[in-house]
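S.K.: here is a sequence together with a model predicted from it:
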Amino acid sequence: MHQDEDDNNPASESYDDTERRRLKAADDGAEPWHEWGPYLSERAWGTVREDYSADGDAWDYFPFEHARSRAYRWSEDGLAGLCNLNQDWCFALAFWNERDPILKERAFGLTNAEGNHGEDVKDYWWYEDATPTASWLRWRYHYPQAEFPYTQLREQNAARGKGDPEYELIDTGIFAGDRYFVITADYAKAAPEAYALRITVENVGPEAARLHVLPHLWFRDMWSWGRAPDIEDTVDTDALLIRGEPGRLTATHPHTGAVSLSDASGQTPPALLCDNETNAKLLFGAQNRTQYPKDGIGDHVVHGASTVNPSATGTKGALHYVLELAPGERREIDLWLTGSDNAASNNAASGNTASGAQAADHARVLADRERDADTFYAACTPPGLSADDARIMRQAYSGLIWSKQFYHYDVHRWLHGDPAQPLPPDHRAHDRNAGWQHFWARDVLLMPDPWEYPWFAAWDLAFHCAALAEIDPGSAKRQLLTFLSQRYQHPNGQVPAYEWNFDDVNPPVLAWAALRVHRAAGGDREFLKACFHKLLLNFTFWVNRKDQGEDNIFEGGFLGLDNIGVFDRSKPPVDGVLEQSDGTGWMAFYCLCMLELSLELATAEPVYEDMACKFAEHYAYIAVAINDCGLWDEQDGFYYDRLRRDGADPVVIRVRSMVGAIPLLAAVAVDADTLKRLPGFTAHLEEFTSRRPEYARAMTRPHAAGGMVFSVADDVQAARILNRLRDPAEFLSAHGLRSLSRYHLEHPFSVDLGGYTASVDYEPGESRSGLFGGNSNWRGPVWMPLNYLVFEAVCRVGPALAVSAHPVDGVPPVDRAGFAEELRQRLIGLFRLGPDGRRPVLGVSGGGAQDDGATLESAILQSDPRWRDRPWFFEYFHGDSGKGLGAAHQTGWTALIASLIRNPTLGFPLR
C-alpha cells in the first residue's frame, strides 16, 4: 500500500503473485517463510506470566517503570518488533527526542487501576500493511517532540471518574502545532531469513528538531533462571554474544547461528552494547550480575552515563543514529537484518559490494515486496470496491498479521519457580491456573491486542482464525490445531479461556471456526477430523460441567458478556443457579456446528454418520429445553436469563440484551442432496421424531428448496427477535447492533433479590460501573463478533426459510436479505469516511444524543488526514456515535470487518 496513496489496485495484471507462491512453499515445508515475522509483543510487563507476587497483582508486580531495567522471564516487547519463531533474538526500534526522561523503547499505557476505564495505552501507532508471510510490513508511529507527559497522563486519569472520558495523549496538547515526528518502518524480505529495513522519519513541525533513532538487536534472556532454557539442548552462555562495530551488530546464538544488523547506506553510527539482564541494584538494592544491565543503552543516550560496554560486546545492542531535521524534512535509515544462511543478502549487508550496488539492491527488495503486497491484495479485492473500502479491508488484514505474537508459558515452571530465583509463596501452587500444570506453550499465536491483551483468548482466537483463513488458511489451521493440542487442552476437555484465568469459559465457538477455516482452505478433511476429535472432548466437558440441573439448560458465567447483566453472571449475589439464555444458546450453536462437522466428514467416511445422529438428537434436547423451560418469554418475544433458587420462585431477568439473541445463532440448513447421501442419518431423524414427537418441532422445519432446517428459534420466534434487533429504538444503531437495547435508557431494569437490589441501564460508551473491573463493558456498545455472527446466521439460514408460508398476526415479516445488507453497511460505515468528512470510529465532538464524550482527541483525528485516514480497529464501539472504545488495536476479532467488505453474503446465496 503505497504511502498516502488511494489507488486500491496499483499492481500490473502481468506481475506474478509471488506472495501466494511463498505461502504455498511455507505450507508445503519447502521454504521457511514464516520463520521470521512481527512476533514481538508490544507489552510483556504487567502480564500473568511475569507475575511472581504473593497477591497475584500482575500490574503492580512488574510495572512499566521496571520494564526498561528488568529482564523478562517469558517473552520480550518493543516497538515495530521482529523475531524468529522461538524468539531467540529480537529486533525493535527505540527513539529519543532529547526531552523525554527515558528512551521510547515501548508503548506507554495505564494499568488497570490507573485508568478510569481500566488499562489503556497512550501512544499512537498503526499496523498499516502486511502480507501473510510477513514478506512486507509497514508500521507507523507519531512521536511528540515535547517531553512525553507520563505523570500528567497518570494524574489526570486518576482524577477522573467512571462518567468521564479517558484523558488521552492528544488531550495534553502535545501535538499542537504539529510538533511531532511521523515515523514509518518498512520491512521487506529478501529471503526467508533476511530483511531489508527502512525507517523513515519526517519532522512535520514548524521548527528544526533532532531525533535519536536506535534500532536494537538483542537476545531473549534464557540464561538467568537456572534451567536448561526453553528447548531441549542447553544453551552455552559463552556462545551468546553480540559484537558491535560502527554501523553493524553481529549476534551469535547457538540456536540460530549468526544474525546481523547493519547499515545499508554507508553510514557508520556507533554501536552501543549492554546485557539483557536486570539492574538489580537499581530496582532491589541487590548485586548486579553484569556491569552493563538492560537499561545501560538508555542511560547512556539520555544521561551520558558510562553504562555501555566499551569493548562493544553484550547480549543487547543498538546502532545510534542522530538525525537533524528541518521543518518538513524527511530522512531515511536503511538497514539489513540477515541470518547466517542467506549468502546473497549477507554479501550485500557485509559491505562486500560497492555501496551504490548495495543501496540499489536494498531499494529493489523494498520496491519488489511492496509491489508483491499490492498484487496480493488486488487479487483479494472485489471488483468495483471503493478505494476507501479497499484500504480498510487491507489494513484490517494487516493488523491481524501484526497481531501474531510469540507466546511462551509453562504453568508448572511458573507455579513452582526457577532454581536461580526466589521461591514463590507456598500458596501459589493452589492459586491462579494451578489446575493447568500440563499447559506448556512456546508458539506464535494470534493475540487479541498486542498491548492490551498480549495473550491468547479462546474465543477471540476463533474469530481471528476465521478472518485469517481468507488470506492464509494454512496458518489459520495451524493456530487451531495448536490450541486444541494436548499442550493446551485440559485432560478433562476444557480449553483454557485466557491467561488471567484459564478456568473461565469463553463461548464455545471453536467448532464454528474449524468449519470456517476448513471451507476457506478449500476442504481439508484431515484437519477437520483432527479438530473434530478434540472438540468432542470439549463438548463433553461443557455437558458434564455446565449443566448443573442435567436438564439441557446451561450456565457458564459471563460468556464474554460480562458487564451486560444486573450482576456478575459468574458469581450471582445470592445462592442459586443462573440459567442462561446465551449459555444454552451457545450450546445449541455448538451442537449444530458439530452436526455440520459430522455431516461433512460422513459424506466420505460413514463412521461419522452416527455422530451426526448424536448431535442432531442432542440439539433437539437443548432446543426444546430452552423454549419450554422458562427462558423464552412469549409475551415479550425474547429470550431471558432465569435465576433459579431452592425454595423460591425463579426470577426472570428481563434484560433485553444480546444474551437473548444468541439462540438465534443456533440455526443450520441441511439440503436435500445431503439427506440423500446419508440415508442412515435421515432414517434416524424419522425414527427419533416418531418415537419422541415432542422433539419434532425442533427438527422438522422444511427447507424452502427441499431438505431440513434446524433452528432453536422457529420462524415466528426468529421474526420477533429480528424485529427487535432491527428496531432503532432498541438494538439497531447507525453503526450496528448494540449489545443492550436502548429501551433501557428510559426503562432501567431492577430486581430485588431478597434485600439485594441489582439493576442495569443502557450505557452506550465506557462502563460507569467498576463492578467487573477494567474497561469491561457490553452495556450498549456495538461489538463486532456478535454482529458478525448475527449477520452470518441471517445469511446462512435466510435463503432456506419459506417465511411467507408462516404469516402470524402481529408479527411483521422480516426482509432478511435487506436486514443483512443494512447491518453489513452500518458496520463497514464505522470505518468509512462519511459525507461529512469524518470516520465514526474516530469519535465525534459536541453534545446531544450522539455525544460520546470526545475531547480534543476526536477533533484532531477527524481533521488531519495524517490521522483521519488511518483508523484503528477497536475492541468495541459507542452504541450511538460509533466511536472506537476499549483496546485500540483489537484487529483480531475486529478484522472480521475485512470479511464483511470482501464477502457481502459470506458465500451464502442470500435472496
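M.R.: Right, received. Where do you want to start?

S.K.: so who does the most centrally placed residue in the chain touch?
M.R.: Taking C-alpha atoms, centre = their mean, the centroid of the chain lies closest to residue 448, which sits 2.0 Å from it. Contacts here follow C-beta atoms under 8 Å, 6 or more residues apart in numbering; on that basis residue 448 touches 403, 456-457, 460, 464, 875, 887, 890, 892-893. (C-beta placed from N, C-alpha, C; glycine too.)

S.K.: now stretch 312-323: buried residues?
M.R.: Within stretch 312-323, the residues that qualify as buried are 312-321, 323, counting by 16 or more other C-beta atoms under 10 Å.

S.K.: what's the answer for stretch 613-633, then?
M.R.: Applying 16+ other C-beta under 10 Å to stretch 613-633 flags 613-627, 629-632 as buried.

S.K.: in strands, which of these fall?
M.R.: Among the buried residues of stretch 613-633, the residues falling in strands (DSSP state E) are residue 632.

S.K.: among the buried residues of stretch 613-633, which ones are in helices?
M.R.: 613-627 (DSSP state H).

S.K.: hey, C-alpha coordinates of stretch 265-285 in CSV?
M.R.: C-alpha atoms of stretch 265-285 as CSV (Å, rounded to 0.1, in the frame of the first residue of the first chain):
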residue,chain,number,x,y,z
SER,A,265,23.7,3.1,3.0
GLY,A,266,27.3,3.6,4.0
GLN,A,267,26.7,5.3,7.3
THR,A,268,28.7,4.2,10.4
PRO,A,269,26.6,5.0,13.5
PRO,A,270,28.2,3.9,16.8
ALA,A,271,27.3,0.5,18.2
LEU,A,272,26.1,0.5,21.8
LEU,A,273,26.2,-2.7,23.8
CYS,A,274,25.0,-3.9,27.2
ASP,A,275,23.4,-7.1,28.6
ASN,A,276,19.8,-8.1,28.7
GLU,A,277,19.8,-8.6,32.4
THR,A,278,18.1,-7.0,35.4
ASN,A,279,19.6,-3.9,37.0
ALA,A,280,19.0,-5.5,40.4
LYS,A,281,21.0,-2.7,42.2
LEU,A,282,18.6,0.0,40.9
LEU,A,283,15.4,-1.9,41.5
PHE,A,284,16.0,-4.1,44.5
GLY,A,285,19.3,-2.9,46.1
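
S.K.: looking at the buried residues of stretch 312-323, which is nearest residue 363?
M.R.: Closest to residue 363 out of these is residue 321 (18.5 Å), distances taken as C-beta to C-beta.

S.K.: now that closest one: closest residue in space, sequence neighbours ignored.
M.R.: Closest residue to residue 321 apart from its sequence neighbours, by C-beta to C-beta, 6 or more residues apart in numbering: residue 213 at 4.4 Å.

S.K.: can you name the residues bridging to that neighbour?
M.R.: residue 95, residue 321 (DSSP bridges).

S.K.: that one reaches residue 92, doesn't it?
M.R.: No. The pair residue 213 / residue 92 is not scored as a contact, 11.9 Å apart, by C-beta atoms under 8 Å.

S.K.: list the contacts for the closest residue to residue 451 other than its chain neighbours?
M.R.: Among residues not flanking residue 451 along the chain, residue 42 sits closest, at 4.0 Å (C-beta to C-beta, 6+ apart). With contact set as C-beta under 8 Å, 6+ apart, residue 42 has these partners: 77-79, 81, 106-107, 121, 450-451, 454, 889.

S.K.: stretch 206-220: how far from the chain's middle?
M.R.: Relative to the centre of its chain, stretch 206-220 is centred 28 Å away, using C-alpha atoms, centre = their mean, to the nearest Å.

S.K.: now it: buried residues?
M.R.: 209, 211-220.

S.K.: ok, stretch 366-382 next?
M.R.: If you call a residue buried by 16+ other C-beta under 10 Å, then stretch 366-382 has these buried ones: 366, 368-378, 380-381.

S.K.: do stretch 172-191 as well
M.R.: Buried positions in stretch 172-191, judged by neighbour count with 16+ other C-beta under 10 Å: 172, 174-175, 178-191.

S.K.: the closest residue to residue 692 other than its chain neighbours and residue 669, how far apart?
M.R.: In space, and not counting its chain neighbours, residue 692 is closest to residue 620: 8.0 Å by C-beta to C-beta, 6+ apart. According to C-beta to C-beta, to the nearest Å, residue 620 and residue 669 sit 16 Å apart.

S.K.: before we move on, what about residue 479?
M.R.: Per C-beta to C-beta, residue 479 is found 28 Å from residue 669.

S.K.: who has more neighbours out of these two?
M.R.: Ranked by neighbour count (other C-beta atoms under 10 Å), residue 479 and residue 669 place residue 479 first, with 25 against 21.

S.K.: test for you: state the pLDDT assigned to the closest residue to the more buried one other than its chain neighbours.
M.R.: Distances taken as C-beta to C-beta, 6+ apart place residue 465 nearest to residue 479, at 5.2 Å, with adjacent residues excluded. Among the per-residue scores, residue 465 holds a pLDDT of 98.

S.K.: again, but for residue 803
M.R.: Listed pLDDT for residue 803 reads 49.

S.K.: do the one 5 residues further on as well
M.R.: Looking at residue 808, its pLDDT stands at 68.

S.K.: before we move on, what about residue 688?
M.R.: 95.

S.K.: how about the closest residue in space to it that isn't next to it in sequence, what does it touch?
M.R.: Using C-beta to C-beta, 6+ apart and skipping residues adjacent in sequence, the residue nearest residue 688 is residue 617, 5.9 Å away. Residues in contact with residue 617 (C-beta under 8 Å, 6+ apart) are 684, 688, 695.

S.K.: what's the distance between residue 197 and residue 821?
M.R.: 43 Å.
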